[in-house]
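Asker: would you be able to build a 3D model of this:
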Amino acid sequence: MGLFDNVKAGLDTAKEKAADLAREHGDKVQDGIDKAAHLVDERTKGKYSDKIHAGTDKAKEAVERLGHQDDEKPEADKKP
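Answerer: Residues are numbered from 1 along each chain as shown. Below is the predicted model of the structure:
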């Protein structure tokens, strides 16, 4: 195996773990995203509210996609 194969294998493992966490604790992750966004918005005195809101929405969508990743795969592709 080459270096890139090792890196790809490691990233695949990390992606699977992130998907598992998103499935199990997605609501807690999204609450954490909201709290962090609120804190940053307070600290910046609302100067970047639009950017913070946009980033928060994208992060929540990513968590949602990760959490439902196995739902989109055909049954034959799912791991036991």
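
Asker: centroid residue for the chain?
Answerer: Centroid-nearest residue in the chain: Val63, 3.6 Å away (criterion: C-alpha atoms, centre = their mean).

Asker: before we move on, what SS does it have?
Answerer: Of the three states, Val63 takes helix under DSSP: H, G, I helix; E, B strand; the rest coil.

Asker: repeat that for Lys47.
Answerer: coil.

Asker: what residues does it make contact with?
Answerer: Contacts for Lys47 (C-beta atoms under 8 Å, 6 or more residues apart in numbering) come out as none. The C-beta positions use only the backbone N, C-alpha and C, and glycine is treated the same way.

Asker: how much space separates it from Lys35?
Answerer: According to C-beta to C-beta, to the nearest Å, Lys47 stands 19 Å off from Lys35.

Asker: what's the answer for Asp57, then?
Answerer: Taken as C-beta to C-beta, the span from Asp57 to Lys35 is 15 Å.

Asker: and Lys51, by the same measure?
Answerer: 17 Å.

Asker: now do the strands in the protein.
Answerer: With DSSP state E, there are no strands along the chain.

Asker: cool, thanks, signing off.
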